[in-house]
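Engineer: using only what follows, build the 3D model:
(one chain, ligands or ions: 1)
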Amino acid sequence: MDFRSTRSSEKVSPSYALLHGLAQDGGLYVPSVFPEGVLSYTDLKNKKYQEIAEVVLSYFFTNFTDEERKTMIENAYNDVNFADSRIVPLHSIDTALSITELFHGRTLAFKDMALSLFPYLLTAAKKQEKEDREILILTATSGDTGKAALEGFKDVEGTNIMVFYPSMGVSPMQKQQMQKQEGNNVNVSAIHGNFDDAQSFLKRVFTNEEVNAYANKKGILFSSANSINVGRLLPQIVYYVSTYVSLVDSGCIEEGEAFDVVVPTGNFGNILAGYFAKKMGIPIAQFICASNENKVLADFFETGVYDMKREFFTTASPSMDILLSSNFERFLFYVAGADSAKVAAWEKDLQETGKMAVSAEELKSLREEFSGGWIDDDETRAVINHVYNDFGYLLDPHTAVAYGVYLNRRKQGLAQRHTVIMATAHPYKFPPVICDALALGQKDNPFDMLETIASCTGIYLPKALAELEMKPVRFANTMEKEEMKQAVLSFVDAIHAEHM
Ligand SMILES: *Cc1c(COP(=O)(O)O)cnc(C)c1O
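Structural biologist: Take a look at the predicted model:
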């Protein structure tokens, strides 16, 4: 299996795509020939999560042997890294609604689903490409990617990782998780600015020739753990497939019966993985893209215009506070019928004017499978309160956005198939919002708030968070965006000094 760029016919091997992340022409890698309609319930039933992963990933990472993939998958999805032996359990709310819980990994967010496996894929790709430079993963995060990437890469030989997060844009718990990160090959900084600033500044460092030449001279190669990398995206297909198998196994749907999914969306990686699962044969009818007040995607699915020139909001669901959705380009590639010249033109529009538009015909066609919706922070808190009081189930703010969008659809009579909500984080990552939603009052220390929530709900405190409070802060600095380049260069020097 080769990968090709969304913006040209440039083709590369899986190991090259894993190692380099972004195509030379600035596009993103997609499978050059998509394995369509290859999956069926009959072939998947009675398989564990790990076995489903082996089947799904065998279509894409053909550069590794069955045995190699199996070992990587077993190292990623096991009871050291996941608190639930099913890896991705399905929670049933009522006969019409289920929730796929993606938050039982080490950092309690769905980013763990891919980032538990990604370091294995990357280091194996490095070997295959005969790349002996040290890798430096540069990552901008809206909160959860950073921590999951840090945990995935900490002390992994031949790799180093540097994370930038918006100082005011992450939850107190997310901030502590990153500031207290352990490991000898890690570096974390807050920046003054929002996620889009962090992402775009980092992209500039990444593609800056002078910086790359400097790193190269020091024996270092930049790579990325952001969700543009195929090693992030493709492992996420697996949980859509396992969701389907669980739905049939538990009698929620019949074999082959279509269902809808609602996905709390930021960079469009999660929902795109669902779309890929559908292409592989999983009977998903509608993808509902749920946004918070930064509703650039919800508006797109309404109007066909992607307009990022708008006010940016800091919300209760920080991991979705994104205006430039990096994986959206891959979606556009399929909207364009694999016409890379069209994608390149759309991306040029977006870069130059902050806006792009699909045709009325294209909009009509994509709306057969996709729609969008959004709710604000007040509604998000109300949804958390309602779902907890009616069903005893505690939602995190991101998942609550998806739930709110689902409820609105149900009111409009649009929720006609069995629906699955993708639950992307553990509620305990966001104590202030949960305390607010359940009217439990606010405290200065997020851990004190967790204690209050735990004693009220009886939901136990995950070990990773219980241990976090006592750990020392290692990375407390905040810098200006303009200082990011120098920070990267300094870390390059430190890595060089450590290894050469
Ligand atoms: C990253 C994240 C999202 C958004 O996922 P995308 O793949 O970027 O669309 C939603 N919720 C949580 C909790 C996240 O960490």
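
Engineer: packing partners for the helix or strand where Val245 lies?
Structural biologist: Using DSSP states H and E, Val245 maps to helix 237-249. Judged by 3 or more CB pairs under 8 Å, 6 or more residues apart in numbering; DSSP states H and E, helix 237-249 is in contact with helix 41-44, helix 49-58, strand 90-94, strand 97-101, strand 259-264, helix 269-280. Bear in mind the C-beta positions are built from the backbone N, C-alpha and C, glycine included.

Engineer: what angle separates the fourth one from helix 237-249?
Structural biologist: Taking axes from the mean of the first three to the mean of the last three CA atoms, to 10 degrees, one finds strand 97-101 and helix 237-249 inclined to each other by 140 degrees.

Engineer: what angle separates strand 97-101 from strand 90-94?
Structural biologist: Going by the same axes, to 10 degrees, strand 97-101 makes 160 degrees with strand 90-94.

Engineer: cool, and the longest one?
Structural biologist: Counting by the same axes, to 10 degrees, helix 269-280 points 90 degrees away from the direction of strand 90-94.

Engineer: CA atoms of helix 269-280 as PDB?
Structural biologist: Only the C-alpha atoms of helix 269-280 are listed here, as PDB (Å, rounded to 0.1, in the frame of the first residue of the first chain):
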ATOM      1  CA  GLY A 269      -9.300  13.400  12.900                       C
ATOM      2  CA  ASN A 270     -11.700  11.300  14.900                       C
ATOM      3  CA  ILE A 271     -14.700  11.700  12.600                       C
ATOM      4  CA  LEU A 272     -12.600  11.100   9.500                       C
ATOM      5  CA  ALA A 273     -11.400   7.800  10.900                       C
ATOM      6  CA  GLY A 274     -15.100   6.900  11.100                       C
ATOM      7  CA  TYR A 275     -15.600   7.800   7.500                       C
ATOM      8  CA  PHE A 276     -12.700   5.600   6.600                       C
ATOM      9  CA  ALA A 277     -14.300   2.700   8.600                       C
ATOM     10  CA  LYS A 278     -17.400   3.200   6.500                       C
ATOM     11  CA  LYS A 279     -15.400   3.000   3.300                       C
ATOM     12  CA  MET A 280     -14.000  -0.300   4.600                       C
END
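
Engineer: show me what contacts Phe153?
Structural biologist: 119, 137, 159-161, 183, 185-186, 225 (CB atoms under 8 Å, 6 or more residues apart in numbering).

Engineer: no, scratch that, I was asking about Ala114
Structural biologist: Applying CB under 8 Å, 6+ apart, the residues near Ala114 are 227, 231-233, 235-236.

Engineer: out of the residues you listed, which touch the ligand?
Structural biologist: Ser227 (CB under 6 Å from any ligand atom).

Engineer: now, which of the contacts of Ala114 lie within helices?
Structural biologist: Within the contacts of Ala114, residues falling in helices by DSSP state H are 231-233.

Engineer: for those residues, which one is nearest Leu150?
Structural biologist: Nearest to Leu150, judged by CB to CB, of the ones in helices among the contacts of Ala114 is Arg232 at 14.5 Å.

Engineer: where's that closest one relative to Asp377, distance?
Structural biologist: Distance, Arg232 to Asp377, using CB to CB, to the nearest Å: 28 Å.

Engineer: Ile73 reaches Lys48, doesn't it?
Structural biologist: No - Ile73 lies out of contact with Lys48 (CB atoms under 8 Å); the separation is 10.3 Å.

Engineer: distance between the lowest-mean-pLDDT helix or strand in the chain and the chain's centre?
Structural biologist: When the helices and strands of the chain are scored by mean pLDDT, DSSP states H and E, helix 195-207 comes last with a mean of 84. Mean-position distance between helix 195-207 and its chain equals 17 Å (CA atoms, centre = their mean, to the nearest Å).

Engineer: enumerate the residues of the protein near the ligand.
Structural biologist: Going by CB under 6 Å from any ligand atom, the residues of the chain near the ligand are 109-111, 144, 227, 264-270, 319-320, 398, 424-425.

Engineer: quick revisit: let me know the average pLDDT across the helix holding Val245.
Structural biologist: Across helix 237-249, the average pLDDT comes to 98.

Engineer: now that helix: buried residues?
Structural biologist: 237-248 (16 or more other CB atoms under 10 Å).

Engineer: name the nearest of the residues you listed relative to Asn78.
Structural biologist: For these, the nearest to Asn78 is Val238 (14.6 Å; CB to CB).

Engineer: residue contacts, that closest one?
Structural biologist: The contact partners of Val238, by CB under 8 Å, 6+ apart, come to 49, 52-53, 56-57, 113.

Engineer: what do you get for Leu115?
Structural biologist: Per CB under 8 Å, 6+ apart, neighbours of Leu115: 145, 148-149, 151-152, 225, 232.

Engineer: how near is it to the ligand?
Structural biologist: Using CB to the nearest ligand atom, to the nearest Å, we find Leu115 at a distance of 11 Å from the ligand.

Engineer: returning to that earlier point: so for Gln24, which of the helices and strands packed on helix 237-249 sits nearest?
Structural biologist: Short answer: helix 269-280, nearest of the helices and strands packed on helix 237-249 by CB to CB, at 21.5 Å.

Engineer: which other helices and strands contact the helix or strand following that closest one?
Structural biologist: Downstream of helix 269-280, the first helix or strand assigned by DSSP H and E is strand 284-291. Strand 284-291 sits against strand 259-264, helix 269-280, helix 296-303, strand 370-374, helix 397-411, with contacts defined as 3+ CB pairs under 8 Å, 6+ apart.

Engineer: contacts for strand 284-291 next, please.
Structural biologist: 240, 244, 258-265, 268, 271, 274-275, 277-278, 297-298, 301, 320, 369-375, 401-402, 404-406, 409, 417.

Engineer: 6 Å instead, please
Structural biologist: 258, 260-262, 264-265, 271, 274, 278, 297-298, 369-374, 401-402, 405, 417 (CB atoms under 6 Å, 6 or more residues apart in numbering).

Engineer: now Met168. Nearest residue, chain neighbours left out?
Structural biologist: Thr314 (6.5 Å; CB to CB, 6 or more residues apart in numbering).

Engineer: helix or strand: which one has the one you found?
Structural biologist: Going by DSSP H and E, Thr314 is not in any helix or strand.

Engineer: hmm, back to that, Ser200: which of the buried residues of helix 237-249 is nearest?
Structural biologist: Ile237 (27.9 Å).

Engineer: let me know whether the closest one touches Phe276 as I believe.
Structural biologist: Yes - using CB atoms under 6 Å, Ile237 is in contact with Phe276, at 5.0 Å.

Engineer: next, count neighbours for Ala76.
Structural biologist: Residues contacting Ala76 under the criterion other CB atoms under 10 Å number 26.

Engineer: if I look at Glu379, how far off is the ligand?
Structural biologist: Counting by CB to the nearest ligand atom, the gap from Glu379 to the ligand is 17 Å.
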